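S.K.: Give me a 3D structure for the following:
(one chain, ligands or ions: 2)
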Amino acid sequence: MKIKIWGARGSIAISNADSIKAGGNTTCYEVMSSCLPPATHLILDTGTGFVPAGWHYLNEISQGLHFALLFTHWHWDHILGLTLSPPTFIDNIPMSLYGPVDNGIGPKEMIQHVFRRPFFPVDYQRVCHKMNFHPLENFDVTIIVSHPEGGFQQHQFDHYMTFTQKNQPIPINGKEYNLSECLIITMQATNHGNATCISYRFHEMPTNKVFIFCTDHEDQVSVPLDFKRHLANADLAIMDAQYDLPRYTQKTGGFGHGTPTGIIKQGLIANIKKIGLTHHDPGSTDIFLEDIIMQEAKQAMTQLRENAEFTDLFKVDKTLLTKQDDVFLCYDYAEIEV
Ligand SMILES: [Zn+2]
Ligand SMILES: [Zn+2]
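M.R.: Numbers count the residues shown, from 1 in each chain. Ligands and ions are numbered 1, 2, ... in the order given. Below you'll find the predicted structure:
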């Protein structure tokens, strides 16, 4: 499994000479896996990073190009790239939209709201006919399965467990497939103010690798048990570190975003092997990201591991998050092997 970063900026897109290394596209990530059908691209959020992503894959139209779009939530920085990415307007590029239902707004209602007068010149009816909508109402008890031949299918978690316990093949779009050939996607709610926001967990069964996408998630005093299980033992987690701790404490607490210290704490508690920091603040320059955000993360790695009360309480594996590149900054257009 590989992760491609198309956009790692939070809140609003930027472009300036001080932020060239990290880039300025808002949230858009791609999960590349052998468990996806051919020419299907699994995209996490369509922030402005979805504009270059869309251009990049246009040459796959003849191979049956299809986008599976998994949305965390409906804030602008996570959806706006959809309005200006070429595949949105090309009839023979189907799109499947998965996302939460927040205050009555699911994927379909989001499109109806965004593609309309007076906010946008193209009406939703021009684009929605090539879109499949998958509102995720009870996402914490739902799983999405992907198989290279079978495609995508949602199951209730209890239903899915009966197949895993009996080691039986799982039904996907009317046929049955071996679970060991699938990508299994599970979900939990993040802590993001008044928004319903999803963190996705991807378990690639053939390689047994786990990737977590957890953006727009604010530090919590403790890690709730369900969320700890969701994060547990991931090979890679990409998490929201928009604010340094002093700024968070003085000004931005309650805005729905995390800190490097909070992320390292969750990583050690949940036994995560590698962490990417994302949702960079629009005001964070490359130097700020390296000297403040990254340094805070490194300090937290050392301090928390040396804190016996913390390590004993959470039974922390002290060999975790010890190497320099075990925690890194997400930069636009980078690719990471999980
Ligand atoms: Zn955001
Ligand atoms: Zn948000």
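S.K.: contacts, neighbours, all on C-alpha from now
M.R.: Fine.
S.K.: Sheet-wise, list the partners of the helix or strand hosting A68 with their directions.
M.R.: Using DSSP states H and E, A68 sits in strand 66-70. Its sheet considered, strand 66-70 pairs with strand 40-44 (parallel), strand 95-100 (parallel) by DSSP bridges.
S.K.: how far does the last one sit from the chain's center?
M.R.: In terms of C-alpha atoms, centre = their mean, to the nearest Å, the centre of strand 95-100 is found 13 Å from the chain centre.
S.K.: Quick check: next helix or strand after the lowest-mean-pLDDT helix or strand in the chain?
M.R.: Within the chain, no helix or strand scores below helix 157-165, which has a mean of 91 by mean pLDDT, DSSP states H and E. Where DSSP H and E defines the elements, the next helix or strand beyond helix 157-165 is strand 170-172.
S.K.: hang on, the earlier thing: which helices and strands sit right next to the least confident helix or strand of the chain?
M.R.: strand 142-147 (3 or more C-alpha pairs under 8 Å, 6 or more residues apart in numbering; DSSP states H and E).
S.K.: Cross-check the contact I'm expecting between E337 and V31.
M.R.: No. Judged on C-alpha atoms under 8 Å, E337 makes no contact with V31 at a distance of 10.2 Å.
S.K.: So which of the two has more stuff around it?
M.R.: The residue with more neighbours, out of E337 and V31, is V31; 20 against 10, by other C-alpha atoms under 10 Å.
S.K.: so where do the strands sit in the stretch 151-300 of the chain?
M.R.: 151-156, 170-172, 175-177, 183-189, 198-204, 209-214, 236-240, 275-278 (DSSP state E, counting those that start in this stretch).
S.K.: Same list (those strands) but as CSV, adding distance to G253.
M.R.: Below are these laid out as CSV (distance: least, C-alpha to C-alpha, whole Å):
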stretch, distance to G253
strand 151-156, 35
strand 170-172, 43
strand 175-177, 46
strand 183-189, 19
strand 198-204, 20
strand 209-214, 18
strand 236-240, 14
strand 275-278, 17
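S.K.: pull the longest helix from this structure.
M.R.: helix 294-306 (DSSP state H).
S.K.: got a list of contacts for that helix?
M.R.: 244, 260-261, 264-265, 310-311, 316, 318, 321-322, 327-329 (C-alpha atoms under 8 Å, 6 or more residues apart in numbering).
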